[in-house]
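In: give me the fold of what follows.
(3 chains)
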Amino acid sequence: MARSSNRRPLGRAFFDRPTTRVAKELLGAVVTVRAPGGARSVQLVEVEAYVANDPANHAYRGPTRRNRSMFGPPGTLYVYRIHQVVCANLVTRPGEAVLLRAGRPLVPADANPSGPGRLCRVLGLTVADDGERVGRHGRISVTKPRGTTPTEPVIRGPRIGISRAVTRPLRFSLAGDRWVSRPRRRAT
DNA sequence: GAAAAGATTACCT
DNA sequence: GGTAATCTTTTCC
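Out: Next comes the predicted model:
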(Lines give C-alpha, C1' and ligand atoms only; values in the text may rest on other atoms or scores of the structure.)
Protein backbone atom coordinates (compact mmCIF):
# COMPACT_ATOMS: atom_id res chain seq x y z
CA MET A 1 0.00 0.00 0.00
CA ALA A 2 1.11 3.50 -0.72
CA ARG A 3 1.66 5.65 2.35
CA SER A 4 -0.21 8.91 2.54
CA SER A 5 3.01 10.82 1.90
CA ASN A 6 3.21 8.87 -1.30
CA ARG A 7 -0.08 10.03 -2.69
CA ARG A 8 -1.08 13.09 -4.59
CA PRO A 9 -4.44 14.79 -4.06
CA LEU A 10 -6.60 15.00 -7.15
CA GLY A 11 -7.98 18.45 -7.84
CA ARG A 12 -9.70 20.45 -10.48
CA ALA A 13 -7.01 19.85 -13.12
CA PHE A 14 -7.50 16.10 -12.80
CA PHE A 15 -11.27 16.22 -13.10
CA ASP A 16 -11.41 18.82 -15.89
CA ARG A 17 -10.68 16.26 -18.59
CA PRO A 18 -12.71 13.87 -20.74
CA THR A 19 -14.98 11.86 -18.45
CA THR A 20 -14.03 8.40 -19.70
CA ARG A 21 -10.39 9.20 -19.12
CA VAL A 22 -11.06 10.47 -15.60
CA ALA A 23 -13.16 7.38 -14.88
CA LYS A 24 -10.44 5.01 -15.97
CA GLU A 25 -7.77 6.86 -14.00
CA LEU A 26 -9.90 6.96 -10.87
CA LEU A 27 -9.44 3.20 -10.56
CA GLY A 28 -6.93 2.70 -7.78
CA ALA A 29 -7.56 6.16 -6.34
CA VAL A 30 -8.40 6.47 -2.65
CA VAL A 31 -11.47 8.34 -1.44
CA THR A 32 -11.28 9.58 2.15
CA VAL A 33 -14.06 11.16 4.17
CA ARG A 34 -13.25 12.86 7.44
CA ALA A 35 -15.91 12.38 10.06
CA PRO A 36 -16.27 12.98 13.80
CA GLY A 37 -15.91 9.27 14.44
CA GLY A 38 -12.71 9.11 12.41
CA ALA A 39 -11.81 9.07 8.74
CA ARG A 40 -13.13 6.42 6.38
CA SER A 41 -11.50 5.48 3.14
CA VAL A 42 -11.81 3.08 0.25
CA GLN A 43 -9.76 2.39 -2.86
CA LEU A 44 -11.84 2.52 -6.03
CA VAL A 45 -12.02 -0.63 -8.15
CA GLU A 46 -15.17 0.04 -10.20
CA VAL A 47 -16.67 3.21 -11.69
CA GLU A 48 -19.02 4.27 -14.47
CA ALA A 49 -18.94 7.31 -16.75
CA TYR A 50 -22.06 9.36 -17.49
CA VAL A 51 -21.41 11.62 -20.41
CA ALA A 52 -23.04 14.17 -22.74
CA ASN A 53 -25.80 12.97 -25.07
CA ASP A 54 -26.19 9.95 -22.82
CA PRO A 55 -29.85 9.09 -22.12
CA ALA A 56 -28.85 7.22 -18.95
CA ASN A 57 -27.26 10.38 -17.55
CA HIS A 58 -29.29 12.21 -14.91
CA ALA A 59 -28.15 15.45 -16.54
CA TYR A 60 -29.36 14.39 -20.00
CA ARG A 61 -32.29 16.81 -19.92
CA GLY A 62 -30.39 19.70 -18.42
CA PRO A 63 -30.16 21.03 -14.87
CA THR A 64 -32.86 20.12 -12.37
CA ARG A 65 -33.09 20.48 -8.65
CA ARG A 66 -31.63 17.06 -8.04
CA ASN A 67 -28.77 17.14 -10.52
CA ARG A 68 -27.66 20.77 -10.22
CA SER A 69 -24.38 19.62 -8.65
CA MET A 70 -23.50 17.97 -11.94
CA PHE A 71 -23.14 21.43 -13.43
CA GLY A 72 -20.74 22.58 -10.71
CA PRO A 73 -16.98 22.90 -11.10
CA PRO A 74 -14.82 19.85 -11.86
CA GLY A 75 -14.32 17.89 -8.65
CA THR A 76 -17.80 18.57 -7.30
CA LEU A 77 -19.55 15.72 -5.53
CA TYR A 78 -22.98 14.75 -6.86
CA VAL A 79 -24.86 12.62 -4.34
CA TYR A 80 -28.42 11.51 -4.98
CA ARG A 81 -30.87 9.13 -3.42
CA ILE A 82 -32.22 6.04 -5.17
CA HIS A 83 -34.69 3.76 -3.39
CA GLN A 84 -33.27 3.56 0.15
CA VAL A 85 -29.65 4.27 -0.58
CA VAL A 86 -27.46 7.07 -1.87
CA CYS A 87 -24.97 7.02 -4.73
CA ALA A 88 -22.00 9.33 -5.18
CA ASN A 89 -20.46 10.77 -8.33
CA LEU A 90 -17.49 12.99 -9.05
CA VAL A 91 -18.22 15.72 -11.57
CA THR A 92 -15.82 16.15 -14.45
CA ARG A 93 -17.14 18.62 -16.99
CA PRO A 94 -20.55 20.32 -16.90
CA GLY A 95 -23.27 17.67 -17.01
CA GLU A 96 -20.83 14.77 -16.87
CA ALA A 97 -19.72 12.69 -13.92
CA VAL A 98 -18.24 9.41 -12.71
CA LEU A 99 -20.33 7.13 -10.52
CA LEU A 100 -18.37 5.46 -7.74
CA ARG A 101 -19.56 1.86 -7.89
CA ALA A 102 -17.23 -0.20 -5.73
CA GLY A 103 -14.03 -0.06 -3.76
CA ARG A 104 -11.64 -2.03 -1.66
CA PRO A 105 -12.09 -1.33 2.06
CA LEU A 106 -9.21 0.50 3.72
CA VAL A 107 -10.74 2.09 6.83
CA PRO A 108 -12.42 0.27 8.37
CA ALA A 109 -10.73 -2.76 6.92
CA ASP A 110 -13.70 -5.06 7.43
CA ALA A 111 -16.26 -2.90 5.59
CA ASN A 112 -18.02 -3.92 2.40
CA PRO A 113 -17.92 -1.11 -0.19
CA SER A 114 -18.93 -3.37 -3.08
CA GLY A 115 -21.81 -1.56 -4.78
CA PRO A 116 -22.63 2.16 -5.06
CA GLY A 117 -24.98 2.18 -2.09
CA ARG A 118 -22.70 0.19 0.17
CA LEU A 119 -19.71 2.30 -0.82
CA CYS A 120 -21.51 5.48 0.26
CA ARG A 121 -22.61 3.87 3.49
CA VAL A 122 -19.05 2.82 4.32
CA LEU A 123 -17.78 6.33 3.63
CA GLY A 124 -20.62 7.93 5.54
CA LEU A 125 -21.72 10.00 2.56
CA THR A 126 -25.27 11.37 2.55
CA VAL A 127 -27.28 13.78 0.45
CA ALA A 128 -25.94 16.49 2.77
CA ASP A 129 -22.63 16.03 0.97
CA ASP A 130 -24.20 16.82 -2.40
CA GLY A 131 -22.45 19.79 -3.98
CA GLU A 132 -19.29 19.52 -1.88
CA ARG A 133 -16.00 20.02 -3.63
CA VAL A 134 -13.35 17.41 -3.06
CA GLY A 135 -9.98 18.76 -2.03
CA ARG A 136 -7.07 18.58 0.32
CA HIS A 137 -8.72 20.63 3.03
CA GLY A 138 -12.34 19.64 2.70
CA ARG A 139 -14.28 16.84 4.31
CA ILE A 140 -13.79 14.66 1.26
CA SER A 141 -10.54 14.09 -0.56
CA VAL A 142 -9.41 11.87 -3.41
CA THR A 143 -5.79 10.84 -3.70
CA LYS A 144 -3.82 8.69 -6.06
CA PRO A 145 -0.65 6.73 -5.41
CA ARG A 146 2.31 8.67 -6.76
CA GLY A 147 4.94 7.06 -8.88
CA THR A 148 4.83 4.69 -11.75
CA THR A 149 3.08 1.75 -10.14
CA PRO A 150 1.22 0.13 -13.03
CA THR A 151 -2.37 -0.68 -12.22
CA GLU A 152 -3.98 -4.00 -12.91
CA PRO A 153 -5.59 -4.44 -16.34
CA VAL A 154 -8.73 -2.37 -16.71
CA ILE A 155 -11.90 -4.02 -17.91
CA ARG A 156 -14.33 -1.92 -19.90
CA GLY A 157 -17.92 -2.99 -20.37
CA PRO A 158 -21.60 -2.01 -20.23
CA ARG A 159 -22.97 -0.18 -17.21
CA ILE A 160 -25.12 -1.82 -14.59
CA GLY A 161 -28.68 -1.20 -13.45
CA ILE A 162 -29.72 1.22 -16.19
CA SER A 163 -32.40 0.84 -18.84
CA ARG A 164 -31.18 3.28 -21.47
CA ALA A 165 -27.95 3.23 -23.48
CA VAL A 166 -27.39 -0.19 -21.93
CA THR A 167 -24.77 -1.29 -24.41
CA ARG A 168 -22.44 1.66 -24.13
CA PRO A 169 -19.12 0.47 -22.67
CA LEU A 170 -18.74 3.12 -19.99
CA ARG A 171 -18.09 0.93 -16.97
CA PHE A 172 -14.51 0.50 -15.84
CA SER A 173 -13.21 -2.00 -13.30
CA LEU A 174 -9.98 -3.60 -12.20
CA ALA A 175 -9.63 -7.08 -13.65
CA GLY A 176 -10.23 -9.86 -11.19
CA ASP A 177 -10.74 -7.67 -8.15
CA ARG A 178 -12.91 -9.37 -5.58
CA TRP A 179 -14.71 -6.14 -4.61
CA VAL A 180 -16.07 -5.40 -8.08
CA SER A 181 -19.86 -5.63 -7.90
CA ARG A 182 -21.80 -8.19 -9.88
CA PRO A 183 -24.92 -7.47 -11.93
CA ARG A 184 -27.24 -9.55 -9.81
CA ARG A 185 -25.71 -12.84 -10.85
CA ARG A 186 -24.55 -15.61 -8.62
CA ALA A 187 -21.20 -15.15 -6.96
CA THR A 188 -18.89 -17.70 -8.46
C1' DG B 1 -52.66 15.76 -9.95
C1' DA B 2 -51.78 10.67 -9.98
C1' DA B 3 -48.97 6.78 -11.25
C1' DA B 4 -44.73 4.56 -12.58
C1' DA B 5 -39.81 4.02 -12.81
C1' DG B 6 -35.30 4.36 -10.98
C1' DA B 7 -27.21 4.69 -11.78
C1' DT B 8 -30.10 -0.39 -5.18
C1' DT B 9 -30.01 -3.64 -1.68
C1' DA B 10 -31.76 -6.74 1.97
C1' DC B 11 -34.44 -10.34 2.85
C1' DC B 12 -38.00 -13.74 1.31
C1' DT B 13 -39.05 -18.62 -0.68
C1' DG C 1 -34.71 -16.62 -8.10
C1' DG C 2 -38.07 -12.96 -6.65
C1' DT C 3 -40.00 -8.99 -4.18
C1' DA C 4 -40.44 -5.14 -0.87
C1' DA C 5 -38.66 -0.94 1.02
C1' DT C 6 -38.98 4.20 0.25
C1' DC C 7 -38.68 8.81 -1.99
C1' DT C 8 -37.54 11.74 -5.88
C1' DT C 9 -38.09 12.56 -10.67
C1' DT C 10 -40.47 11.66 -14.73
C1' DT C 11 -44.43 10.68 -17.35
C1' DC C 12 -49.03 10.40 -18.45
C1' DC C 13 -54.00 11.75 -18.05
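
In: hmm, A:Phe71 is touching A:Arg93, no?
Out: No. A:Phe71 is beyond contact range of A:Arg93, at 9.6 Å (criterion: Cβ atoms under 8 Å). For glycine as for every other residue, the C-beta is placed from the backbone atoms N, C-alpha and C.

In: which residues of chain A lie near DNA strand B?
Out: A:48, A:50, A:56-59, A:70, A:78, A:81-85, A:87, A:89, A:97, A:99, A:115-119, A:159-164, A:181, A:184 (Cβ under 7 Å from any atom of the strand).

In: mind listing what's buried in stretch A:11-30?
Out: A:11, A:14-15, A:19-20, A:22-30 (16 or more other Cβ atoms under 10 Å).

In: whoops, I mixed them up, stretch A:74-94
Out: A:74-79, A:86-93.

In: which of those fall in helices?
Out: Judged by DSSP state H, helices contain none of those.

In: just the closest of these to A:Leu106, please.
Out: Within these, the smallest distance to A:Leu106 is 16.2 Å, found for A:Ala88 (Cβ to Cβ).

In: burial measure for the residue of chain A found nearest DNA strand B, as a count.
Out: At 1.8 Å from DNA strand B, A:Gly161 is the closest residue in chain A, using Cβ to the nearest atom of the strand. A:Gly161 is flanked by 16 other residues according to other Cβ atoms under 10 Å.

In: check it and give its pLDDT.
Out: Confidence at A:Gly161, expressed as pLDDT, is 95.

In: does it count as helix, strand or coil?
Out: coil (DSSP: H, G, I helix; E, B strand; the rest coil).

In: swap in A:Arg101?
Out: Following three-state DSSP, A:Arg101 is assigned to strand.

In: burial count for it?
Out: Around A:Arg101 there are 28 residues (other Cβ under 10 Å).

In: who's the most centrally placed residue in chain A bridged to?
Out: Geometric centre of chain A, nearest residue: A:Leu100, 2.4 Å, by Cα atoms, centre = their mean. Per DSSP bridges, residues listed as beta-bridge partners of A:Leu100: A:Val47.
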